[in-house]
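# Here is a sequence with its predicted model. Questions after.
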Amino acid sequence: MTGFLFELSFWLAAPVWLLMILAPRHRITARVAASPLTVLPVLAVYTALALPVLPELWTAVSSPDIDTFRDLTALAGGAGAVWAQVIAWDLLIGQWIHREAVALGVHPLVTGPLLVLTILLSPFGLLLFLALRAVLLRRGARPAAAPGAGAAAGTAGGVEGARAPS
């Protein structure tokens, strides 16, 4: 059952990733990517994996050190819970990258590979996007209102009108 849940955590997130990569400008993608609720199914899997190893999980997070963390991930449920957590946070990072890229007018042929990199190695995908975003903002790119982004549209993470000093 743990192996199934481990795999399920990714497959629950995959449709959102596919929308952002393959249909980045579709209105449904904008609505889905704007919602933090996309991670709820993955977090349900996380909960199912974490509860049976809660004492070990609590020990690992309340008194973190490499050996305690290694002990947690040596358990199938512990490794599965950590994986589901990574999948959930990676998805939220990917959604933010997608929304920012749309707002900044980044071409989907640039954003798509960045999102794939974020799926596989999220810290590198995020770092590359942050560098691209900084360059675009320095050059005077102004975030546009992303379709379906609701009341927060146009702020793009609080950087509307952000420019480098002249």
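On my side now, so go ahead.

# Give the residue spans of this structure that score low on pLDDT.
144-166 (pLDDT under 70).

# Mind giving me the packing neighbours of the helix or strand that contains residue 6?
Secondary structure from DSSP states H and E places residue 6 in helix 2-22. Secondary-structure packing of helix 2-22 (3 or more Cβ pairs under 8 Å, 6 or more residues apart in numbering; DSSP states H and E): helix 27-33, helix 40-50, helix 76-104, helix 108-120. Glycine gets a C-beta too; all of them are placed from N, C-alpha and C.

# got the angle between the longest one and helix 108-120?
If I follow you right, that is helix 76-104. 160 degrees (axes from the mean of the first three to the mean of the last three Cα atoms, to 10 degrees).

# cool, and the second one?
Using the same axes, to 10 degrees, one finds that helix 40-50 and helix 108-120 are set 10 degrees apart in direction.

# how far does helix 40-50 sit from the chain's center?
How far helix 40-50 lies from its chain's middle: 16 Å, per Cα atoms, centre = their mean, to the nearest Å.

# for the first one, same thing?
Taking Cα atoms, centre = their mean, one finds helix 27-33 lying 15 Å from the centre of the chain it belongs to.

# same thing with the third one?
On the basis of Cα atoms, centre = their mean, the separation between the geometric centre of helix 76-104 and that of its chain is 3 Å.

# Could you number the chain from 51 rather than 1 from now on?
Fine by me, first position is 51 from now on; the one you just mentioned is helix 126-154.

# Show me what counts as buried in it.
Neighbour-count burial for helix 126-154, counted by 16 or more other Cβ atoms under 10 Å, picks out 126-135, 137-138, 140-141, 143-154.

# how about the helices and strands packed on helix 52-72, which one is nearest residue 120?
Closest to residue 120 of the helices and strands packed on helix 52-72, according to Cβ to Cβ: helix 126-154, at 9.7 Å.

# could you check the angle helix 52-72 makes with that closest one?
Using the same axes, to 10 degrees: helix 126-154 against helix 52-72 is 10 degrees.

# Tell me which other helices or strands helix 126-154 touches.
Looks like helix 126-154 contacts helix 52-72, helix 77-83, helix 90-100, helix 104-112, helix 116-124, helix 158-170, helix 172-188 (3+ Cβ pairs under 8 Å, 6+ apart).

# try 6 Å this time
When contacts are defined as 3 or more Cβ pairs under 6 Å, 6 or more residues apart in numbering; DSSP states H and E, helix 126-154 packs onto helix 52-72, helix 77-83, helix 90-100, helix 116-124, helix 158-170, helix 172-188.
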